[in-house]
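**Q** Give the three-dimensional model of this entry:
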Amino acid sequence: MKILAIESSCDEFSLSIIDNGKILTNVISSQIDQHKEFGGVVPELAARLHLQNMYWVIKQAIAESQINTDEIDYIVYTAKPGLIGSLIVGKVVAETIALYLDKPIIGLDHIEGHIFGAAIDHEFIYPVLAMVVSGGHTQIEIVHSPSQFEIVGATNDDAIGECYDKVARVLGLDYPGGPIIDKLAQQGNSQTYQLPVPKDDISYDFSYSGLKTAAINLIHNLNQKSEPIILVDFAASFQLAAVTAIEHKLERAIQNYNPKTLTAAGGVSANSQIQKVILELGQKYNINNTFVPKSEYCTDNAAMMAKLAYEKFK
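**A** So this is what the prediction gives:
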């Protein structure tokens, strides 16, 4: 079974082909350099760049896969959630390919794809407890099967990735700021600055607007007092507060749902401290099937959508 998948939900346009669970190609056109000058993704620009880059992505992916396009059995694409203009471009490209090849086409969920991105080099044993962390989402999901997803907790406002990027911008760091803060945090003292653990309650829900506000206010206060900000220490203190909320809530979810698999998904799952928390919790609760996705499958990519489709159809 060969599946061609397209992912275009935000600022990456990607095409992947999977053959009975094996990824043959996963070509990604990233727009980070174009959006960097604006400090974040500009939706209209993202959609226009998808139109500009889609031709070479398709051409390169087909060449790398070394298959005849007539062999493809299904066409899938990201239908939701995402930037509406970017989603429309991906849908139209997928519909055009499906019409040309006369193959069935199916729209899939972006977040479900992220979760199965972690399973590209692993196998899920159900139920799966997945910690979804990205620029737009922070949620805990129980996966009972490739077609049964249960959200048990989600963010009430800012997502963790959005919080990282906005704090990084105020610190004067480049976009995307999340990976930069993570790198700095590994060199700093997390006890230097006091920041609140966001929504540290017994629920499974998250809220990062308070931590964002507290961090930005602290930066402004230090600047007003002409006190130098020790970047590595500030990054470490911020990251400790942000990830502690995940650690506390995820541990309670493990105790309540007794998963057979523990994993993380989404762009922020590449964060070193989040990966450390996932692996340590898996060891603490003897969840042998604990793993985190490879870095190339953390951010948006079509391989994760291809894997999701394969598991659903299989």
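
**Q** Which secondary structure state is assigned to the residue lying closest to Gln187 once chain neighbours are set aside?
**A** The shortest distance from Gln187 to any non-neighbouring residue, by Cβ to Cβ, 6 or more residues apart in numbering, is to Val232 (4.4 Å). (C-beta placed from N, C-alpha, C; glycine too.) When classified by DSSP: H, G, I helix; E, B strand; the rest coil, Val232 comes out as helix.

**Q** Tell me where the stretch 201-314 of the chain has strands.
**A** 261-265, 289-291 (DSSP state E, counting those that start in this stretch).

**Q** which one of those strands lies closest to Arg252?
**A** strand 261-265 (13.3 Å; Cβ to Cβ).

**Q** Run through the stretch 51-200 of the chain and note the low-pLDDT ranges.
**A** Judged against pLDDT under 70, the stretch 51-200 of the chain has no low-scoring part.

**Q** Now do the strands in it.
**A** Going by DSSP E, counting those that start in this stretch, the stretch 51-200 of the chain shows strands at 74-80, 105-109, 128-133, 138-145, 148-154.

**Q** The last one - contacts with which helices or strands?
**A** With contacts defined as 3 or more Cβ pairs under 8 Å, 6 or more residues apart in numbering; DSSP states H and E, the secondary structure elements packing on strand 148-154 are strand 138-145, helix 231-257.

**Q** Check the first one too.
**A** Other helices and strands packing on strand 74-80, by 3+ Cβ pairs under 8 Å, 6+ apart, are strand 2-7, helix 84-101, strand 105-109, helix 110-117, helix 302-313.

**Q** Among those, show me which one is buried the most.
**A** Of all those, strand 2-7 carries the top mean neighbour count, a mean of 28, counting by mean count of other Cβ atoms under 10 Å.

**Q** For stretch 188-199, measure first residue to last.
**A** Its start and end residues considered, stretch 188-199 measures 24 Å (Cα to Cα, to the nearest Å).

**Q** what do you get for stretch 217-231?
**A** 15 Å.

**Q** Likewise for stretch 279-296?
**A** Chord length of stretch 279-296, first to last residue, is 19 Å (Cα to Cα).

**Q** Outside of it itself, which residues are in contact with it?
**A** For stretch 279-296, contacts defined as Cβ atoms under 8 Å, 6 or more residues apart in numbering pick out 26, 117-118, 120-125, 247, 250-251, 254-255, 259-265, 269-270, 275, 278, 303.

**Q** Out of the residues you listed, which end up buried?
**A** 26, 117-118, 120, 124, 247, 250, 254, 259, 261-265, 269-270, 275, 278, 303 (16 or more other Cβ atoms under 10 Å).

**Q** buried stuff in stretch 178-188?
**A** Gly178, Pro179, Ile180, Ile181, Asp182, Leu184, Ala185, Gly188.

**Q** Just send those residues back as a markdown table, with distance to His220 too.
**A** Converted to a markdown table, the buried residues of stretch 178-188 look like this (distance: Cβ to Cβ, whole Å):
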| residue | distance to His220 |
| --- | --- |
| Gly178 | 21 |
| Pro179 | 24 |
| Ile180 | 20 |
| Ile181 | 18 |
| Asp182 | 23 |
| Leu184 | 19 |
| Ala185 | 21 |
| Gly188 | 20 |
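
**Q** circling back to that earlier point, just send the helices and strands packed on strand 74-80 back as TSV, with distance to Glu227 too.
**A** Formatted as TSV, the helices and strands packed on strand 74-80 follow (distance: least, Cβ to Cβ, whole Å):
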stretch	distance to Glu227
strand 2-7	44
helix 84-101	42
strand 105-109	46
helix 110-117	40
helix 302-313	44
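
**Q** For Glu71, find the nearest of the ones you listed.
**A** strand 2-7 (5.4 Å).

**Q** who does the helix or strand following that closest one touch, helix- and strand-wise?
**A** Remark: after strand 2-7, the chain's next helix or strand is strand 12-19, criterion DSSP states H and E. If you count contacts as 3+ Cβ pairs under 8 Å, 6+ apart, strand 12-19 packs onto strand 2-7, strand 22-30, helix 43-65, helix 84-101, helix 302-313.
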